[in-house]
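Visitor: Okay, predicted coordinates and the sequence, questions at the end:
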Amino acid sequence: MKRIALGLTAVLVLAAPAKAQAPLGGEQPLLRDLAADVSADRLRATDTRLVAFGTRHTLSDTTSDTRGIGAARRWVASEFTALSHACGGCLEIQTPAQTFTGQRVPTPTVVMDVLAIQRGTTDPGRVVVISGHVDTRVSDPLDAKSTAPGADDDGSGTSAVLEAARVLSRHKFPATIVYAVLSGEEQGLFGGKVLADYAVAQGWQVEADLNNDIVGNIHGIGGEIDNTHVRVFSEGARTNETPEQARARQGAGQELDSPSRNLARYMQTLGDRYLTGLQVRLMYRPDRFRRGGDQMEMLKQGFPAVRVTEAAENYDRQHQDIRVEHGVSYGDVLDGVDFPYLAKVTRLNVITLAALASAPAPPSQIDLQGAVSPDTTVKWRPVPGAAAYRVWWRDTTEPQWRYSRLVTGAAEGKLAGVNIDDWFFGVSSLSADGFESPVAALGVSGSFDRLPPIAPPAPYGIPPTTPKGR
Ligand SMILES: [Zn+2]
């Protein structure tokens, strides 16, 4: 009995086979050009400007033009506006906001995000997001007066968002790209909720949120130096699955194949192919151990989302009053950010956004047939705009997709000699010019389609009452 597939029979399902015009899934020079465009100097200039606002605490002054979160948010909006002027008005700037109170927000406070929206040319309802949070803090989470530079947490992520906007706004993409600068993270992930609620209210089909939080430091708390790895955190089982969906997932052993996980794998594959000196470490949890980030609010609304974080964190530099104690320097100052490293992480984001926005949507409604037979048949719903598909499979203990077969003119494929019990399966879609989507996996648990919360949260604009306490 042969262990690995030797053949694939494509069953004709679509009326007219689409023509492939380029080597599918092959080299994309655009992605190399975009990566080369990312500038460490620009990132340094942006982060330096952010730090100069003194504090960007969510509860800080919003009226000053020089200090506090209001000034910082207006500066971000002005940067987006300048980029939009440079691309003939290609960016639409929006500032969705909600008023919150909570454990770390003693009086009702407006939390406002700054978004730049680059509408897709042919598929504008399909949205990919890059996010970072502009707000900062020191040791006391309620201290809105002390200097809180937040150079790494999360001036680094905010700088990556602005640099991605600068590089990508010079090009056009089929799907929409949203550049999101969030507030209120340190007080309870409120800006993440504002973004997620806004996405729902707009009816966006969010395929990915790349949440960049703490992405510029290379000196770890244990003395290690790591400027060649970045961690991408992704959930296993989807946040909103129902008990019935959980049973279906368990019966198929699909806990390793959420859309967020396959988004992380996609980033790793792109990084390996297009970047030098940076490797993605796949982290099989939604965030650091028992911690959170703005991507959790996107997951709670049923959107695929990952957290991007430096490989080696330094806790002396996070959430600390600036001081020297027993010869140890504390505080999130600019010296703690390595801009060549931040540039590499930004490149990873830029090529991922460009690839996602250029490719068709990942297939959905993936079904597998073949129990108690020697072959496996993979079926899916045809994707508008897809010229072809690739059926993927891998060993059940392998972290990455390994084997694949191209399928044209059909929305199903039979893998002869591949036993359904022994492998995990997925499908990607390909555009006519060879851009490939992430791999989607079986059923609801593996689909990139939104999985809304079972009990809908408070409607848009109504302040929640539950503190997050992170
Ligand atoms: Zn942060």
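Guide: Sure, I can see it.
Visitor: Helix or strand: which one has L31?
Guide: helix 29-37 (DSSP states H and E).
Visitor: That helix: how far from the chain's middle?
Guide: 19 Å (C-alpha atoms, centre = their mean, to the nearest Å).
Visitor: Just after that helix, pick out the following helix or strand.
Guide: helix 40-51.
Visitor: which helices and strands sit right next to that following helix?
Guide: helix 69-86, helix 155-168, helix 339-358 (3 or more C-beta pairs under 8 Å, 6 or more residues apart in numbering; DSSP states H and E). The way it works is simple: take the backbone N, C-alpha and C, and place the C-beta from them, glycine included.
Visitor: 7 Å - rerun?
Guide: helix 155-168, helix 339-358 (3 or more C-beta pairs under 7 Å, 6 or more residues apart in numbering; DSSP states H and E).
Visitor: Now do the shortest one and helix 69-86, the angle between them.
Guide: Between the axes of helix 155-168 and helix 69-86, defined by axes from the mean of the first three to the mean of the last three C-alpha atoms, to 10 degrees, the angle is 20 degrees.
Visitor: Now helix 155-168: buried residues?
Guide: 155-168 (16 or more other C-beta atoms under 10 Å).
Visitor: and which of those residues is nearest to the ion?
Guide: G157 (7.2 Å; C-beta to the ion).
Visitor: average pLDDT across the helix or strand containing L299?
Guide: Using DSSP H and E, L299 falls within helix 295-300. Across helix 295-300, the average pLDDT comes to 98.
Visitor: Switch the helices and strands packed on helix 40-51 over to a markdown table; also include mean pLDDT and distance to the ion.
Guide: Output for the helices and strands packed on helix 40-51, formatted as a markdown table (pLDDT from 0 to 100; distance: least, C-beta to the ion, whole Å):
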| stretch | mean pLDDT | distance to the ion |
| --- | --- | --- |
| helix 155-168 | 98 | 7 |
| helix 339-358 | 98 | 14 |
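Visitor: In a markdown table, list those along with distance to T46.
Guide: Shown next, in a markdown table, are the helices and strands packed on helix 40-51 (distance: least, C-beta to C-beta, whole Å):
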| stretch | distance to T46 |
| --- | --- |
| helix 155-168 | 4 |
| helix 339-358 | 10 |
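Visitor: Any idea which of these gets closest to F289?
Guide: Between F289 and those, the shortest separation by C-beta to C-beta is 19.9 Å, and it involves helix 155-168.
Visitor: contacting residues around the helix or strand just after that closest one?
Guide: Once helix 155-168 ends, the next helix or strand along the chain (criterion: DSSP H and E) is strand 175-182. Applying C-beta atoms under 7 Å, 6 or more residues apart in numbering, the contact partners of strand 175-182 are 76, 113-120, 123-124, 126-134, 158, 161, 164-165, 168, 191-192, 195, 294, 353, 356-357.
Visitor: Over to stretch 223-230?
Guide: 218-220, 277-281, 308, 310-312, 338, 341, 345, 348.
Visitor: Show the buried residues in those residues.
Guide: 218-219, 278, 280, 308, 310-312, 338, 341, 345, 348.
Visitor: Output the residues you listed in TSV; the columns should cover distance to V391.
Guide: Shown next, in TSV, are those (distance: C-beta to C-beta, whole Å):
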residue	distance to V391
I218	39
H219	44
L278	29
V280	24
V308	29
E310	35
A311	33
A312	38
D338	41
Y341	37
V345	32
L348	26
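Visitor: Looking at those residues, which is nearest G413?
Guide: For those, with G413 as the reference and C-beta to C-beta as the criterion, the closest is V280, at 28.2 Å.
Visitor: element containing the closest residue to that closest one other than its chain neighbours?
Guide: The shortest distance from V280 to any non-neighbouring residue, by C-beta to C-beta, 6 or more residues apart in numbering, is to Q268 (3.9 Å). Q268 is located in helix 259-274, with elements delineated by DSSP H and E.
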